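1. Take this sequence and fold it.
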Amino acid sequence: MAISRVKIAAAALTAASLAAAAIAQNSKNPESLLPPGFGEPVAQPGGAAPSGAPAAVPTGTVQQLPSNVADNALLPAPEPSATPTPDAATLAQYEMPPFARRSLDFVGPTGASEGGLAPDAWGSADGRFLETLMRRLSAPLPSRWLSIALRRALVSQVNTPRGLNGADFAAERAWLLLRMGESVSARALAQSVDIGNVTPKLRDVWMQTALATADPAALCPLTDAALRDDSEPGWVLAQAMCAALVGTPGEAQPLIAEARRARVASGVDLQLAQKVIGAGADSRQAITIEWTPVVQLNAWRFGLAIATGIAVPDSLYQTVGPQVTGWRALAPAIPLADRIEPAERAAAMGVISNLALVDFYGALDAMEDAPAVLSATASDLRSAYAGADVATRIGALRQLWQAGTAPQAKYARLILTARAAGRVRPGDGKDEADRLIAAMLSAGMDRTAMRWRDTAPAGSDGWALLALADPDATGRLGYSQVSGYAAARKRQLFFAGLAGLGRLAPNDIERGAQELDVRIGTENAWTRALDRATRERQPATVLLLAAAGMQTGDWRGVPPDMLYRIITALRFVGLGGDARMIAVEALTRT
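-> Sure thing, here's the model as predicted:
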């Protein structure tokens, strides 16, 4: 594949607007949800609003890393101060004893003992370089498994890279998590910084995490300090909402009246704030939310509507990017029946696990008034797990698989049925071996899937998936086994996966690269950055660069040579399990 066909490299660093470019993924190129701004142009956290809507990165262009990241004109100007306000710092010292304060040199909610990466996961990577990669990353990613691995890196309790303030670095990580659909993880990361250390940049992102998780009360610890620094409309109204939420409604009404007189906000934005105030004050005043004039959803409208039990019209969800799918799936205030469809899509994105998705349907199955279509799916899932015989269970699995029509829905149904597929004994479902194996591996059940090693016919999809997924592989396949597999595109990805995992001999790798036109030796700014991070054993940096190599809407845009580079790098920095699952996913979703 010629280098001119590589859609992206090096983090899509020519995008003109960081936040909006990250969410404008569908054909309508919707406006960004972040930050709210009450209809104003979308602003970057801590920076100025862009002058216009960005264009998507065109297919076929090769992006280059800037020669001097620090001087890149696309970085926000001016850079937000890394110093918290004196009043906030004084308050924190008064309320928090020294032994309880958290260091900015070591920030994150998930320690290594809890499944996070090691504290030195970013190594000696330049902080400004990492921030630039994060800001320019278009998310969600096409790969579920790469998204899961990147989330793990972003929430890990890690050393702050050189040249950065720990609170600002937490803000960049949380901002990226929001664009990936990971609202809960983003909030946990933002709140892993003590209030007294919150910088203007983190404060801006903190508001977005509070709104994305439909938790306006999370704004309250920062409201007073925010209003001392600026008069952003969101914080002005947050002051009134927080007065009601902490039990002083007598202060809330004058504040909201003053905001109305000052025209801080109007229409649905003001109505939603009043709704929160009414809920916090247990007021009997009825506030009617009028969605008819609203043509664009934003974080403010999403967060406050969900928090107060107001249903957002489906038409408004069409005006935002796919990361909101994750927010919806993770929002417990949304009725269960309305969360099922977003939850399936979020599972394909990597936001929702197999267990969580099954729990959704389990709870739905227990409801007496669930919609008929969803009840039928829940019934099929129950039969897939606990049918009276093998034929009943496999029949239910087929029914569930066939209900998924779009590519993302098909993959989501594999995730949904992973553990039910794992209950089928090898040989009982030979006719469905490929899909049973794919389902198990979609949830990472590699050892369960390997029971089918002697059952899946050589040259089948199931055989190829097991060849990639085998956690104990010691031998190598021959090139003849690769060359006889599937159609050209899948054969290229199969070769790239095996080569990246070291499961082909060097001469077979060279032969396959030539015969299959997979130019694994191509060099550009992205490959050089990835190679450097790999040599220096920086797993978090490798994951971030790997994500930068997948700036495309789906797997059809991921070149095989780029897949080879990603899998190779992950394997060398100790993330072999992630590498195997990404290789399997490439084949499954193609």
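
2. Restrict stretch 133-148 to CA atoms and write it as CSV.
-> In CSV, the C-alpha atoms belonging to stretch 133-148 read as follows (Å, rounded to 0.1, in the frame of the first residue of the first chain):
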residue,chain,number,x,y,z
LEU,A,133,-0.8,14.5,20.6
MET,A,134,-3.7,14.3,23.0
ARG,A,135,-5.3,17.5,21.8
ARG,A,136,-5.1,16.6,18.2
LEU,A,137,-6.4,13.1,18.6
SER,A,138,-9.7,12.4,16.8
ALA,A,139,-11.9,10.2,19.0
PRO,A,140,-13.6,7.8,19.4
LEU,A,141,-11.1,5.3,17.9
PRO,A,142,-12.1,2.6,15.4
SER,A,143,-10.6,-0.1,17.6
ARG,A,144,-12.4,-1.2,20.7
TRP,A,145,-9.3,-2.8,22.2
LEU,A,146,-7.0,0.1,21.5
SER,A,147,-9.5,2.4,23.1
ILE,A,148,-9.6,0.1,26.2
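
3. per-residue confidence averaged over it?
-> Taken as a whole, stretch 133-148 has a mean pLDDT of 95.

4. What residues sit buried inside that stretch?
-> Buried residues in stretch 133-148, defined by neighbour count with 16 or more other Cβ atoms under 10 Å: 133-148. Where you see a C-beta, it was placed from the backbone N, CA and C, and this is true even at glycine.

5. and if you look at stretch 361-378?
-> In stretch 361-378, counting by 16+ other Cβ under 10 Å, buried: 361, 364, 370, 374, 375, 377, 378.

6. quick one: that stretch to chain centroid distance?
-> 27 Å (Cα atoms, centre = their mean, to the nearest Å).

7. Please report how far the residue nearest in space to the middle of the chain lies from residue 140.
-> Nearest residue to the geometric centre of the chain (Cα atoms, centre = their mean): residue 180, 2.5 Å. From residue 180 across to residue 140, the span is 5 Å (Cβ to Cβ, to the nearest Å).

8. Return every residue with contacts to both of these two.
-> Here residue 180 and residue 140 share the contacting residues 147, 323, 326, 349, 350, scored by Cβ atoms under 8 Å, 6 or more residues apart in numbering.

9. Could you single out the nearest of the residues you listed to residue 531?
-> For those, the closest approach to residue 531 (Cβ to Cβ) belongs to residue 147, at 22.9 Å.

10. I'd assumed residue 153 was in contact with that closest one.
-> No. Using Cβ atoms under 8 Å, residue 147 and residue 153 do not qualify as a contacting pair, with a distance of 10.8 Å.

11. Below-threshold pLDDT in this structure: ranges please.
-> 1-96, 99, 230-231, 280-285 (pLDDT under 70).

12. now the strands for it?
-> Taking DSSP state E, the strands of the chain run over residues 106-107, 158-159.

13. of all those, which lies closest to residue 428?
-> Taking Cβ to Cβ, strand 158-159 is the member of the strands of the chain nearest to residue 428, at 45.6 Å.

14. so how far is the closest one from its chain's centroid?
-> Centroid separation for strand 158-159 versus its chain: 21 Å, with Cα atoms, centre = their mean.

15. same for that strand, what does it pack against?
-> With contacts taken as 3 or more Cβ pairs under 8 Å, 6 or more residues apart in numbering; DSSP states H and E, strand 158-159 sits against strand 106-107.

16. Name the surrounding residues that touch the strand it packs on.
-> Residues outside strand 106-107 that contact it (Cβ under 8 Å, 6+ apart) are 119, 157, 158, 159, 160, 166, 167, 169, 170, 189, 192, 193.

17. which one of the buried residues of stretch 361-378 is nearest residue 435?
-> Looking across the buried residues of stretch 361-378 and measuring by Cβ to Cβ, the closest to residue 435 is residue 377, at 17.1 Å.

18. ok, back up a step: possible to save the strands of the chain as a markdown table with distance to residue 481 and mean neighbour count?
-> Converted to a markdown table, the strands of the chain look like this (distance: least, Cβ to Cβ, whole Å; neighbours: other Cβ atoms under 10 Å):
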| stretch | distance to residue 481 | mean neighbour count |
| --- | --- | --- |
| strand 106-107 | 47 | 18 |
| strand 158-159 | 41 | 22 |
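
19. Out of these, the one nearest residue 506 is which?
-> Residue 506 lies closest to strand 158-159 among the strands of the chain, at 35.2 Å (Cβ to Cβ).

20. Can you tell me the strand partners of the closest one and which way each runs?
-> Partner strands for strand 158-159, per DSSP bridges, with pairing direction: strand 106-107 (antiparallel).

21. circling back to that earlier point, what are the neighbouring residues in contact with the residue nearest to the centre of the chain?
-> Contacts for residue 180 (Cβ under 8 Å, 6+ apart) come out as 139, 140, 141, 147, 150, 151, 323, 326, 349, 350, 351.

22. Show me where the stretch 251-400 of the chain has its helices.
-> 267-281, 299-307, 314-317, 323-329, 336-349, 354-365, 372-386, 390-402 (DSSP state H, counting those that start in this stretch).

23. Specify the stretch among those helices that is closest to residue 473.
-> Of those, nearest to residue 473 by Cβ to Cβ is helix 354-365, at 23.9 Å.

24. now the angle between helix 390-402 and the closest one, please.
-> Between the axes of helix 354-365 and helix 390-402, defined by axes from the mean of the first three to the mean of the last three Cα atoms, to 10 degrees, the angle is 100 degrees.

25. Show me the contact partners of helix 354-365.
-> 336-337, 339-340, 343-344, 347, 370, 374-375, 377-379, 381-382, 412, 415-416, 418-419, 442-443.

26. how distant is it from the center of its chain?
-> A distance of 21 Å separates the centroid of the chain from that of helix 354-365, by Cα atoms, centre = their mean.

27. ok, now stretch 203-221?
-> Counting by Cα atoms, centre = their mean, stretch 203-221 comes out at 18 Å from the chain centroid.

28. Need the CA coordinates for that stretch. PDB is fine.
-> The C-alpha trace of stretch 203-221 is given here as PDB (Å, rounded to 0.1, in the frame of the first residue of the first chain):
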ATOM      1  CA  ARG A 203     -11.400  23.900  35.900                       C
ATOM      2  CA  ASP A 204     -12.700  24.200  32.400                       C
ATOM      3  CA  VAL A 205     -12.400  20.500  31.800                       C
ATOM      4  CA  TRP A 206     -13.800  19.800  35.300                       C
ATOM      5  CA  MET A 207     -17.000  21.500  34.200                       C
ATOM      6  CA  GLN A 208     -17.200  19.300  31.100                       C
ATOM      7  CA  THR A 209     -16.800  16.100  33.100                       C
ATOM      8  CA  ALA A 210     -19.500  17.200  35.500                       C
ATOM      9  CA  LEU A 211     -21.900  17.900  32.700                       C
ATOM     10  CA  ALA A 212     -21.000  14.700  30.800                       C
ATOM     11  CA  THR A 213     -21.800  12.700  33.900                       C
ATOM     12  CA  ALA A 214     -25.000  14.700  34.500                       C
ATOM     13  CA  ASP A 215     -23.700  15.700  38.000                       C
ATOM     14  CA  PRO A 216     -24.100  19.500  38.400                       C
ATOM     15  CA  ALA A 217     -23.200  19.200  42.100                       C
ATOM     16  CA  ALA A 218     -19.700  18.300  41.000                       C
ATOM     17  CA  LEU A 219     -19.400  22.000  40.000                       C
ATOM     18  CA  CYS A 220     -19.900  23.300  43.500                       C
ATOM     19  CA  PRO A 221     -16.400  23.000  44.900                       C
END
